[in-house]
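Asks: Pasting the sequence and the predicted model now:
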Number of protein chains: 2
Amino acid sequence: MLHEEVVGRIRAILLDGEIPPGARIPERELCDRLQISRTPLREALKVLAAEGLVHLLPHRGSRAAKLTDKDMRDLFEVCQGLEALAGELACERITDGEIDEIATAHASMVQHYREGDLIQYYRGNRAIHEAIVAAAGNPVLSGLYASVTARIRRARYVTPMSPQRWAFAVSEHEAILNALQRRDGVGLSHILRAHLRHKREEVLQAGFAETDGSELALKIA
Amino acid sequence: MLHEEVVGRIRAILLDGEIPPGARIPERELCDRLQISRTPLREALKVLAAEGLVHLLPHRGSRAAKLTDKDMRDLFEVCQGLEALAGELACERITDGEIDEIATAHASMVQHYREGDLIQYYRGNRAIHEAIVAAAGNPVLSGLYASVTARIRRARYVTPMSPQRWAFAVSEHEAILNALQRRDGVGLSHILRAHLRHKREEVLQAGFAETDGSELALKIA
DNA sequence: AGCCCTATTTTTGCATGCAAAATTCGAGTA
DNA sequence: TACTCGAATTTTGCATGCAAAAATAGGGCT
């Protein structure tokens, strides 16, 4: 198994919440599961620590990172900046074909909205945001965006929405598509920022800051 | 020696160009120099690879990353976005005391300009940009900024400037300080973007894309 | 019982060793 | 001389083992 694959698999385990935020990362257990020894596992953990997904405590092992409200706010803030930049750049560089693809994805997402399928709606939603970032044609930007969005993915794409809020989010997406089709970079960047600001308020209001295992147990109980 | 220290020291070696871009990273030699074994060294190299400072080639070791013109453009583009965001946030959050500190740093930088001391000018310049980012009060942003700017540091703060260009850069900095003092976030973000765009054009025009050891040898010869 | 101090166990962090892959070197050929 | 093919050497990637630190358990004390 390649180094990048190890990193990817552990990342997935963390993002899925299989190891809940704040919980200790069972080194030995992961070694057994991934069929690797401690050396490559620990290499991967250090990389994930640099990404912010893992906290390393000297001589005390590693824990799945736990996001506070402040972390969440900071991450959304940066995400707004990155998507705004991506929107502007995308409008300069996107091809007609790519716009058509996004329009198709948009239509499909709206269909899921009409059907009330939140899971599929979120899936399409995320694909659109990622397509816009990809259209910016800047791999550095794509990389930072991937790293930042990974950390807020669950909050962003799991939080339930009120019918009003959902309807409004869809209308924002209409505006996003529209600005993209007009290649209005400044307009698109403003809409994206507002769109994400709203999402952030929603997430924080829902109290989605991550808890450690014990608090989680309390919440579930 | 702590893990973070190992990463830091290797990063410094790479940023100083002691191991030139494109050159092979001599594992054994670094082990001797840092007085550590291969295990912690390799952990650090994987982290630096995730940061983009090192390229890992499976079964072929690691090399100091080499920036192409495109990489440089992409990095500056993202840097523009990050500084613009930082400028807006800073105007919302910066204290009067912090503004005074930046004003002092600015005055000192202008003095270095008058004295024609480019090295000291760049040092002060960098301190101001970093202070603005710090004033944004967003550690996630600060982290990404640090990582992006590290990669373009040499290009950004080493390229010589024509007298006209230097004078203009100073005038841009006057405007930056002014916007900050007026807490004009939108204005500041525009100035910062333009400022960085000009710097990027300058750097690319100077042909600062990084070369590998052999090309470097040719340039020096 | 509650608390603290010590002995045992577990876990961490790193050096080392070994198999596999890649690179280098050299002999043989054209 | 230039080139190719193959053996020797070096380097990489990982499993393992060991010393040090931390967590845990247990016994004695108040």
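Replies: On my side now, so go ahead.
Asks: Now do the contacts for the single nearest residue of chain A relative to DNA strand C.
Replies: For chain A, the residue closest to DNA strand C is residue A:61, as judged by CB to the nearest atom of the strand, at 2.7 Å. Heads up, the C-betas are built off the backbone N, CA and C, glycines and all. Going by CB atoms under 8 Å, 6 or more residues apart in numbering or on different chains, residue A:61 touches A:24-25, A:27.
Asks: mind giving me the domain split of chain A?
Replies: Chain A resolves into domains spanning A:3-64, A:69-205 when parsed by automatic domain parsing.
Asks: from those, which stretch is densest packed?
Replies: domain A:69-205 (a mean of 18; mean count of other CB atoms under 10 Å in any protein chain shown).
Asks: what about that domain and chain B, any contact?
Replies: Yes. Using CB under 8 Å from any CB of the partner chain, domain A:69-205 comes into contact with chain B via A:71, A:74-75, A:77-78, A:80-82, A:84-85, A:89, A:138-141, A:143-144, A:148.
Asks: In chain A, which helix is the longest?
Replies: Identified as the longest helix of chain A according to DSSP state H is helix A:69-93.
Asks: how distant is that one from the center of its chain?
Replies: 11 Å (CA atoms, centre = their mean, to the nearest Å).
Asks: Are there helices or strands packed against that helix, and which ones?
Replies: With contacts defined as 3 or more CB pairs under 8 Å, 6 or more residues apart in numbering or on different chains; DSSP states H and E, the packing partners of helix A:69-93 are helix A:118-135, helix A:139-158, helix A:163-181, helix A:185-205, helix B:69-93, helix B:139-158.
Asks: I'd like the mean pLDDT over the fifth one, please.
Replies: I take that to be helix B:69-93. Mean per-residue pLDDT for helix B:69-93: 98.
Asks: orientation of that helix relative to helix A:139-158 in degrees?
Replies: Angle of helix B:69-93 versus helix A:139-158, following axes from the mean of the first three to the mean of the last three CA atoms, to 10 degrees, is 50 degrees.
Asks: again, but for the fourth one
Replies: Between the axes of helix A:185-205 and helix A:139-158, defined by the same axes, to 10 degrees, the angle is 40 degrees.
Asks: Can you spell out which helices and strands pack onto helix A:185-205?
Replies: Contact analysis of helix A:185-205 by 3+ CB pairs under 8 Å, 6+ apart lists helix A:69-93, helix A:139-158, helix A:163-181 as its packing neighbours.
Asks: how about 10 Å then?
Replies: Applying 3 or more CB pairs under 10 Å, 6 or more residues apart in numbering or on different chains; DSSP states H and E, one finds that helix A:185-205 contacts helix A:69-93, helix A:118-135, helix A:139-158, helix A:163-181.
Asks: just the angle between the second one and helix A:163-181, please?
Replies: Taking the same axes, to 10 degrees, helix A:118-135 and helix A:163-181 form an angle of 30 degrees between their directions.
Asks: Nearest to DNA strand D: which residue in chain A?
Replies: Proximity of chain A to DNA strand D (CB to the nearest atom of the strand) peaks at residue A:37, 2.6 Å away.
Asks: Can you report phi and psi for the residue lying farthest from the centre of chain A?
Replies: Most distant from the centre of chain A: residue A:59, at 30.9 Å, with distances by CA atoms, centre = their mean. Main-chain torsions, residue A:59, degrees, to the nearest 10: phi 60, psi 10.
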